[in-house]
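Asker: Build me a model:
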Amino acid sequence: KDRLIMSRPVDGYDFIFLDFSPQRVVLSGWVGDEDPTFEGIENALKRYLQSAWAGYPNFGSDIGGYRSGDGTLGRTKELFIRWAQLGAFSPLMENGGNKEHRPWAFDSETLEIYKKSDIGS
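Answerer: Residues are numbered from 1 along each chain as shown. The predicted structure follows:
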């Protein structure tokens, strides 16, 4: 009775969106395993809108994208910050995925911006 079921509310390919999980069981979910690019954040935002239009109550995406990109951290600082800012306005702010997702691994400026995005301080 005190469990949270997470699953992908919707997924999509180009202009096709598919309901992925039944609404009756999805209390919280993520919108897919996005690439760590600005195209990836755009795809996540499209899936946010599709999830809301389909009536799913609670969703988010991996801050910075789930998949790995080039370089040691797997994503750029600018992308990570922009995604954290998007995540702050999402019902679920999720920090996870491949390679580096710890804000302090980028630099102190990224950490401070992340803190403001996360807790509004």
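Asker: Stretch 89-99: which residues count as buried?
Answerer: 90, 93, 94, 95, 97, 98, 99 (16 or more other Cβ atoms under 10 Å). All C-beta spots, glycine's among them, are computed from the backbone N, C-alpha and C.
Asker: who touches the residue lying closest to the first one once chain neighbours are set aside in this structure?
Answerer: Ranked by Cβ to Cβ, 6 or more residues apart in numbering and with sequence neighbours excluded, the top spatial neighbour of residue 90 is residue 60, at 4.2 Å. Neighbouring residues of residue 60 by Cβ atoms under 8 Å, 6 or more residues apart in numbering: 28, 30, 31, 87, 90, 91, 92, 93, 94.
Asker: With residue 80 instead?
Answerer: 63, 64, 73, 101, 103, 106, 110.
Asker: Would you point out the most distant pair within these?
Answerer: 63 and 73 (12.6 Å; Cβ to Cβ).
Asker: In helices, which of the contacts of residue 60 appear?
Answerer: Taking DSSP state H as the definition of helices, those contribute residue 87.
Asker: Give me the distance between residue 32 and residue 106.
Answerer: 24 Å (Cβ to Cβ, to the nearest Å).
Asker: how about the helices in this structure?
Answerer: 38-53, 77-88, 108-119.
Asker: The ones you listed: which one's closest to residue 68?
Answerer: Among the helices of the chain, helix 38-53 sits nearest to residue 68 (Cβ to Cβ), with 11.5 Å.
Asker: Tell me the gap between the closest one and the middle of its chain.
Answerer: Distance of helix 38-53 from the chain centroid (Cα atoms, centre = their mean, to the nearest Å) equals 9 Å.
Asker: And it, what's buried?
Answerer: 40, 41, 43, 44, 45, 46, 47, 48, 50, 51.
Asker: In contact with the fourth one, which residues?
Answerer: In this case it means residue 44. 31, 32, 34, 61, 65, 83, 86.
Asker: Quick check: pLDDT value at the residue nearest to it when sequence neighbours are not counted.
Answerer: Spatially, and ignoring its direct neighbours in sequence, residue 44 is nearest to residue 61 (4.0 Å; Cβ to Cβ, 6+ apart). With respect to pLDDT, residue 61 scores 88.
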